[in-house]
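J.: Pasting the sequence and the predicted model now:
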Amino acid sequence: MAADSTDLIEAMSRSLGLPAVSLAGYLRHLAEAGLRTKGGRGRHGASMSPRDAAYLLTAILGGGQVKDAALTVKRYLATLPHADTSSTGGFRGLGIAELKRLPLRHSFPQALEAVIASAASGSLMRASALRAGKETLPGSPMIEVMALSPGTLGDLRLSGINGKTASVRYWTPPGKRSKPEAWQARIPVEARTDLQQYRKVSEATVLAIGQLLTRETSSDD
């Protein structure tokens with residue numbers, strides 16, 4: 001049976017420690033903006049995809065406020081890898097099919113979608129297996145997914161993948177920035193401060209989402 005929005009909300013609520021009602025609000029705003037798979041509600045809703053999960057996680061990490069979910073995802077969809085502060089070749093050298101298919105010019109949510117897809121298909125865990133002589137032992141990748149709030153800056157780091165590590169920083173090139181950016185315009189002048197924070201999740205959340213979506217992947221085989 002494929003995972004629906006209720007399943008995704010429950011899984012992420014457990015992993016992130018956030019109220020399910022808040023996560024449902026994020027998904028509702030994303031759906032209204034055309035940034036979520038459409039369908040019915042709850043158990044009769046559309047099957048969730050790695051993209052749905054990636055957009056929801058991006059909205060949570062990079063925004064904070066439920067009502068800004070769509071604006072947050074759109075900001076991060078305009079990001080690109082920052083070559084000077086990223087691994088050479090990005091994630092292409094890790095040997096994971098979903099990551100190899102990423103175009104050179106891709107965004108933070110696209111990379112997160114590919115990582116979640118690899119967790120759902122099993123290729124991420126297979127690439128993380130430990131090989132000792134002729135034995136193959138279970139292994140777990142180390143994953144760091146971080147985004148700046150408020151702002152638009154993301155970092156994705158994968159370690160223990162076929163014995164390799166890769167990290168990519170995502171930023172908005174000057175030519176793609178709005179003047180002023182929408183997120184800045186929504187903050188009252190008197191409420192703007194010099195305080196920024198990185199929000200971060202690990203492989204625990206990514207693998208939990210992947211395990212949930214494995215049901216959808218398996219049903220397509």
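T.: Right, received. Where do you want to start?
J.: drop to CA atoms for contacts and neighbour counts, all remaining ones
T.: Fine.
J.: For E144, grab phi and psi.
T.: As for E144, its main-chain torsions (degrees, to the nearest 10) stand at phi -130, psi 120.
J.: and the nearest residue to T205 once chain neighbours are set aside, what helix or strand is that in?
T.: Distances taken as CA to CA, 6 or more residues apart in numbering place S15 nearest to T205, at 5.7 Å, with adjacent residues excluded. Taking DSSP states H and E as the definition, S15 sits inside helix 5-16.
J.: Show me which positions of that helix end up buried.
T.: Burial within helix 5-16, assessed by neighbour count using 16 or more other CA atoms under 10 Å, is assigned to 5-13.
J.: Following the chain past that helix, name the next helix or strand.
T.: Moving toward the C-terminus from helix 5-16, the next helix or strand (DSSP H and E) is helix 20-32.
J.: what's in contact with whichever strand or helix holds T58?
T.: Under the criterion of DSSP H and E, T58 resides in helix 50-62. Contacts to helix 50-62, defined as CA atoms under 8 Å, 6 or more residues apart in numbering, come from residues 8, 26-27, 30, 35-37, 66, 68-70, 72-73, 76, 109-110, 112-114, 116-117, 146-152, 198-200, 209, 213.
J.: before we move on, the earlier item: quick one: the helix holding S15 to helix 50-62, angle?
T.: Computed with axes from the mean of the first three to the mean of the last three CA atoms, to 10 degrees, the direction of helix 5-16 lies at 40 degrees from that of helix 50-62.
J.: what's the angle from helix 5-16 to helix 20-32?
T.: Angle, helix 5-16 to helix 20-32, by the same axes, to 10 degrees: 130 degrees.
J.: hey, where'd the strands end up in the protein?
T.: For the chain, the strands defined by DSSP state E occupy 80-81, 130-132, 135-137, 142-149, 153-161, 164-171, 197-202.
J.: What helices and strands are in contact with the longest one?
T.: Helices and strands touching strand 153-161, by 3 or more CA pairs under 8 Å, 6 or more residues apart in numbering; DSSP states H and E, are helix 108-121, strand 142-149, strand 164-171.
J.: Export only the CA atoms of stretch 141-161, formatted as PDB.
T.: Provided in PDB are the C-alpha atoms of stretch 141-161 (Å, rounded to 0.1, in the frame of the first residue of the first chain):
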ATOM      1  CA  PRO A 141      25.300   6.500   5.900                       C
ATOM      2  CA  MET A 142      25.900   9.700   7.800                       C
ATOM      3  CA  ILE A 143      23.700  12.500   6.400                       C
ATOM      4  CA  GLU A 144      23.500  16.200   7.400                       C
ATOM      5  CA  VAL A 145      20.800  18.400   5.900                       C
ATOM      6  CA  MET A 146      21.000  22.000   6.900                       C
ATOM      7  CA  ALA A 147      19.200  25.200   5.900                       C
ATOM      8  CA  LEU A 148      19.500  28.800   7.100                       C
ATOM      9  CA  SER A 149      16.500  30.600   8.600                       C
ATOM     10  CA  PRO A 150      15.800  33.400   7.800                       C
ATOM     11  CA  GLY A 151      17.700  33.400   4.500                       C
ATOM     12  CA  THR A 152      18.400  31.100   1.600                       C
ATOM     13  CA  LEU A 153      21.500  28.900   2.200                       C
ATOM     14  CA  GLY A 154      21.600  25.100   2.300                       C
ATOM     15  CA  ASP A 155      24.100  22.400   3.000                       C
ATOM     16  CA  LEU A 156      23.900  18.700   2.200                       C
ATOM     17  CA  ARG A 157      26.700  16.300   3.400                       C
ATOM     18  CA  LEU A 158      26.800  12.600   2.800                       C
ATOM     19  CA  SER A 159      29.500  10.400   4.500                       C
ATOM     20  CA  GLY A 160      30.200   6.700   4.400                       C
ATOM     21  CA  ILE A 161      29.000   6.200   0.900                       C
END
